[in-house]
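# Here's a sequence, model it:
(one chain, ligands or ions: 1)
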Amino acid sequence: MTADPRRSPLGPVGAAEPSTAQPGVDSPRAQWLTGVGHVSYGGDYNPEQWPEEVWAQDMALMREAGVNLVSIGIFSWGLLEPSEGVYDFGWLDRLIDLLHAHGIRVDLATPTASPPAWFFHTYPHTRVVSRDGTVLGFGSRGMVNPSSPEYRRASVAIARELARRYGRHPALALWHVHNEYGAPVSEDYSAVSAAAFRAWLERRYGTLDALNAAWGTAFWGQRYGAWEHIDVPALAPSIVNPSQRLDFARFTNDALLECFVGERDAIRAESDVPITTNFMAGACPSVDLWRWAREVDIVSNDHYLTAADERGHVGLALAADLTRSVAGGRPWILMEHSTSAVNWQPRNVAKRPGEMARNSLAHLARGADAILFFQWRASRSGAEKFHSAMLPHAGTGSRTWREVCALGAELGRLDEVLGSRVRADVAILWDWESFWAQDLEWRPSEDLDHRERIDAFYDRLWRDGHTVDFARPDADLSRYRLVVAPASYLLTAASGANLARYVADGGTLLVSYFAGIVDENDAVHPGGFGAPLREALGVSVEEFLPLRAGERVHVALDRAAAGPAADHAGLELVGDVWADDLVLDSAAVVGTFVDGPAAGRPAVTRNTHGAGTGWYVSTRLDVDALAGLLEPVYRDAGIAPSGLPADVELVRRHGADADFAVVLNHGDQAVDLPLTGVDLLSGESAEGSVKVAAGAVRVVRTARP
Ligand code: GAL
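The predicted structure is shown next:
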């Protein structure tokens, strides 16, 4: 029997159908994180880099620091399988037994993010080919083509061997499949991927006519008459068909997900221990975590501060909220962050005293029930020797070590927080497919930046003290008072209808420019720009009026329409980057362009639709100007800024018997907050007021309101 080339070797995971199913089935496996009874604490542990005498010292120091979970074997393929099909598990046997003897649980990785030298020597065509045709070499990590049958076979084989050997070991708490799928490279442009892409397209479209229609191949004479004529969207003389590139991004996501599912299923056949893979929510754009999260037992995430960003704690909060959201609100694992500086940014800024604990507890505040680091002991050799660690090169006399031990002790006082949930009144729409589409070439302005808009709106909401969920545009949004759509370039007609329903049922929707422009094929919606949003917003866009570099426009907010916002100091807001020539349908004008290409035309509109309102803003407002815009929007939504001091963050987790207010003071002044309860970290009780020192954190068990 000849194999059907359209069939994926691992089954039809790659089907591109969207789904709104929630992740992390509530199986006993998904409950492990909470059921273990304490906040998990530890990090990546790479003892194979050290003589075994050091391991005993590691055990003693881990106990001293309060470490109770370590991730091992992540990059150990070359040691575990020194030649194809020949295994050496001796050192791993000894290591796992040693950890078990010291009461430290094991998060055992499959080492498939870094295939050994023999693998690339035996199967040289599995190396990644980049878009310009360069074949990436060995001596690094993560440079394998995810569609390669040889890679899939070999990665499933090592996963199965590990699961057979350790799947029932009493020390084993968690499986850690691979490492950061999609990084450092995701797309592969080899002939192997081209064949797999064609098979994927056949599954998606069935007929060439359907593919030609979806890709609009009548344009530039690209019509295909045979499947074998279709190629990967490698570099070409001019830009490549954007629909083809969008499908290639989907195909790549699916190919990576098939790799994960292949390993996961091989493990599951041998072991009932929960399975995760570490995501990079917010940092790795090439994998669609709404889909991935449904395939893991427990969601885990890696997060690193961007040293250049002095408000890195806001980016941290965004990543944590996004992680919780893809986890469907369930507790999740912070699989990696750093004790101090990383080593891969242009300038690697060390964390200030207390910052590591504050970062850790900020993740916990937003739903993490496990706090882990990269890595336990700093490496002497290799690419990451200048990366911080729990046990740095400076050893146990260091500030980092003292803070690591102190944090371990603090987390040990937070058992009762485990499993409690975060609730949000506000959601921001987040859609990886839309980002993939918007990032392609020849958009109306190179200043259109979906991530910048999301960050700006998120920052505004953060400053106003709102806890935020992220949501798919087709999700049930009814629990949110306010839904913000800063970057919904690709929006299907069905999602537009979902948003209209949300508004009609009483919701408040705020949409920023360049939204609802194309459908799932990156084709402009029939009926013009913004057509799927017309019902909710009561406006449509006749023409884009992008601004020149540095050009600014002024927006006058209308007193009557903005209501109490008229008292706001910033009655005139300054925008840049963008303007639209808007056509009003049922919406009222709340803000008018004073100058620029749309002078005298609407800039901000408000539409009553059913029981709710739909707002539209057609220029780029910075974080300060967004305050002026959001004031009347909040009023429609029935919410208000928290009034917390600047740089103070308060997030609540709701447990079965109590609530926990996590207060983080990122500023350099002590603050007093009106809270009553017990600070679990210090044991202090507070009646009506809690003092939070500069840089400090409180976790206050509060009475139910
Ligand atoms: C992560 C990766 C780790 C380590 C870390 C350094 O992205 O998973 O293995 O390289 O970065 O910050």
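
# Would you pull up the residue in the stretch 451-600 of the chain closest to the ligand?
R451 (18.5 Å; C-beta to the nearest ligand atom). Just so you know, the C-beta spots here come from the backbone N, C-alpha and C atoms, and that holds for glycine as well.

# Now do the helices in the stretch 301-450 of the chain.
Here the stretch 301-450 of the chain has its helices, by DSSP state H, counting those that start in this stretch, at 312-326, 355-365, 399-411, 432-438, 450-463.

# who in this protein is up against the ligand?
179-180, 302, 304, 336, 342, 374, 384, 387 (C-beta under 6 Å from any ligand atom).

# per-residue confidence for the residue of the stretch 451-600 of the chain closest to the ligand?
Here the pLDDT value assigned to R451 is 97.

# With A536 instead?
For A536, pLDDT reads 98.

# Just say helix, strand or coil for it.
helix (DSSP: H, G, I helix; E, B strand; the rest coil).

# That one: neighbour count?
A536 has 31 neighbours, counted by other C-beta atoms under 10 Å.

# ditto for the one 3 residues further on
V539 is surrounded by 25 other residues when neighbours are defined as other C-beta under 10 Å.

# pretty sure it is touching T605, no?
Yes. Taking contacts as C-beta atoms under 8 Å, V539 lies within contact range of T605: 5.1 Å.

# residue contacts, A320?
By C-beta atoms under 8 Å, 6 or more residues apart in numbering, A320 lies in contact with 301, 303, 334, 362-363, 365-368.

# Which helix or strand lies directly C-terminal to the lowest-mean-pLDDT helix or strand in the chain?
Sorting the helices and strands of the chain by mean pLDDT, DSSP states H and E puts helix 559-562 at the bottom, at a mean of 62. Downstream of helix 559-562, the first helix or strand assigned by DSSP states H and E is strand 572-576.

# Could you give the separation of the helix of greatest length in the chain from the chain centroid?
When the chain is parsed with DSSP state H, its longest helix is helix 242-268. Computed by C-alpha atoms, centre = their mean, to the nearest Å, the chain-centroid distance of helix 242-268 equals 17 Å.

# avg pLDDT for it?
Across helix 242-268, pLDDT averages out at 98.

# I'd like the helices of the stretch 301-450 of the chain written out as JSON lines, with distance to L172 added.
As requested, those are arranged in JSON lines below (distance: least, C-beta to C-beta, whole Å):
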{"stretch": "helix 312-326", "distance to L172": "24"}
{"stretch": "helix 355-365", "distance to L172": "24"}
{"stretch": "helix 399-411", "distance to L172": "22"}
{"stretch": "helix 432-438", "distance to L172": "32"}
{"stretch": "helix 450-463", "distance to L172": "37"}
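
# quick one, which of those helices is nearest to I96?
Minimum separation from I96 across the helices of the stretch 301-450 of the chain (C-beta to C-beta) falls at helix 399-411, 21.5 Å.

# buried ones in the closest one?
Of all the residues in helix 399-411, those buried under the rule 16 or more other C-beta atoms under 10 Å are 400-401, 403-405, 407-408, 410-411.

# report the angle between the axes of it and helix 355-365?
30 degrees (axes from the mean of the first three to the mean of the last three C-alpha atoms, to 10 degrees).

# Next, work out how far apart the residue nearest to C405 when sequence neighbours are not counted and R94 are.
Sequence neighbours aside, A65 is the residue nearest to C405 in space, at 4.9 Å (criterion: C-beta to C-beta, 6 or more residues apart in numbering). The gap separating A65 from R94 is 22 Å, by C-beta to C-beta, to the nearest Å.

# Have a look at the two and say which one is more surrounded.
A65 (22 against 13).

# residue closest to the middle of the chain?
A281 (1.6 Å; C-alpha atoms, centre = their mean).

# Check what pLDDT that residue gets.
97.

# Same question for D4.
39.

# Backbone dihedrals for the residue nearest to the centre of the chain, both of them.
When quoted as degrees, to the nearest 10, the phi and psi of A281 stand at phi -60, psi 130.

# What separation is there between it and the ligand?
Going from A281 to the ligand by C-beta to the nearest ligand atom, to the nearest Å gives 12 Å.

# my read: that residue touches L322, true?
Yes. Between A281 and L322 a contact is recorded at 4.4 Å, counting by C-beta under 8 Å.

# Are there residues contacting both of those two? Which ones?
L289.

# tell me the contacts of the residue in the stretch 351-500 of the chain that the ligand sits nearest to?
Per C-beta to the nearest ligand atom, F374 is where the stretch 351-500 of the chain lies closest to the ligand, at 4.3 Å. Neighbour list for F374: 43-44, 302, 336-338, 387, 389 [criterion: C-beta under 8 Å, 6+ apart].
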